[in-house]
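> structure for this input, please:
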Amino acid sequence: ACTASVALTSGVPATGDTATGTDLFYGLCAGFFGDFATGLAKESTFSYTATATGVLTVTGTAVAGDFGLYARTTCADGATQIACADDAFGVGEDEVIEINVATGDVVTIFVDAYDSTLEGDFEVVADFVEQVCGDGEITGSEGCDDNNTAVGDGCDASCQVELDFYCNAAAVIALGTT
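The predicted model follows:
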């Protein structure tokens with residue numbers, strides 16, 4: 001099942017049917033009362049290989065049935081799960097996961113039917129946004145992005161917050177004054 005994963009390309013929809021998949025995996029999603037198992041029926045697997053560092057957003061839409069959507073860094077190892085969504089229920093509803101990735105990372109995405117009575121057709125789309133320091137958009141692991149890569153202005157050349165800049169600029173208050 002892992003080696004048969006269909007490769008996803010950013011922005012290109014892929015379709016499938018969980019009824020034709022395997023029944024080998026399940027995901028764990030966070031819920032109000034703790035983690036819960038999702039995808040206790042057949043699943044289809046996809047893979048995405050990051051060509052740069054950035055954010056991968058995967059959206060799955062149920063055409064029929066209902067499913068959970070989850071991702072792992074190692075297909076067959078449930079301990080490597082990095083994202084899970086199973087919030088929507090029913091046809092036309094979207095499940096969305098967002099994952100920070102680095103150049104060369106391979107992520108396996110699972111579209112897994114909620115139970116055997118809800119297996120069915122789906123569409124999945126991967127959208128990738130590259131993390132570019134200095135472009136004014138905070139993406140992925142950037143702590144800031146002030147539209148430049150200058151040092152000493154509160155946001156350094158690797159788009160991480162320069163705490164000393166803010167600490168040194170703090171107003172001095174005399175004891176006993178408001």
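> and Gly11, that one's in a helix?
No. Going by DSSP: H, G, I helix; E, B strand; the rest coil, the assignment for Gly11 is coil, not a helix.
> pretty sure it contacts Asp127?
Yes. Using Cβ atoms under 8 Å, Gly11 is in contact with Asp127, at 6.1 Å. Quick note: C-beta positions are derived from backbone N, CA and C, even for glycine.
> higher neighbour count, the two?
Remark: of Gly11 and Asp127, Asp127 carries more neighbours, 15 against 9, as counted by other Cβ atoms under 10 Å.
> please report the distance of the more buried one from Glu137.
14 Å (Cβ to Cβ, to the nearest Å).
> same thing with Ser5?
Relative to Glu137, and taking Cβ to Cβ, Ser5 is found at 30 Å.
> kindly report the same for Ala41.
Taking Cβ to Cβ, one finds Ala41 at 39 Å from Glu137.
> the more surrounded of these two?
Set Ala41 next to Glu137 and count neighbours by other Cβ under 10 Å: Ala41 wins out with 21 against 15.
> nearest residue to the more buried one other than its sequence neighbours?
Ala113 (3.8 Å; Cβ to Cβ, 6 or more residues apart in numbering).
> does the one you found touch Ser44 like I think?
No. The pair Ala113 / Ser44 is not scored as a contact, 9.1 Å apart, by Cβ under 8 Å.
> can you list residues touching both of the two?
18, 21 (Cβ atoms under 8 Å, 6 or more residues apart in numbering).
> give the contact list for Val129.
Residues near Val129 by Cβ under 8 Å, 6+ apart: 54-55, 57, 139.
> that older thread, how many neighbouring residues does the residue nearest to Ala41 have?
Neighbours around Ala113, by other Cβ under 10 Å: 27.
> bridged to it, which residues?
Note on Ala113: beta-bridge partners Phe67, judged by DSSP bridges.
> OK, contacts around it?
Neighbouring residues of Ala113 by Cβ under 8 Å, 6+ apart: 18-19, 21, 39-43, 65-67, 119-120.
> if you rank those residues by neighbours, which is first?
Highest neighbour count within the contacts of Ala113: Phe67, with 32 neighbours (other Cβ under 10 Å).
> kindly provide the distance from it to Thr57.
Distance, Phe67 to Thr57, using Cβ to Cβ: 17 Å.
> thinking Val125 is in contact with Phe46, fair?
No. Assessed by Cβ under 8 Å, Val125 is found out of contact with Phe46, at 10.4 Å.
> spit out the residues that contact the two alike.
The overlap between the contact sets of Val125 and Phe46 (Cβ under 8 Å, 6+ apart) consists of Ala14.
> what about the residue lying farthest from the centre of the chain, which SS state?
Note on the chain: the largest C-alpha distance from the chain mean falls to Gly176, namely 49.5 Å (Cα atoms, centre = their mean). Of the three states, Gly176 takes coil under three-state DSSP.
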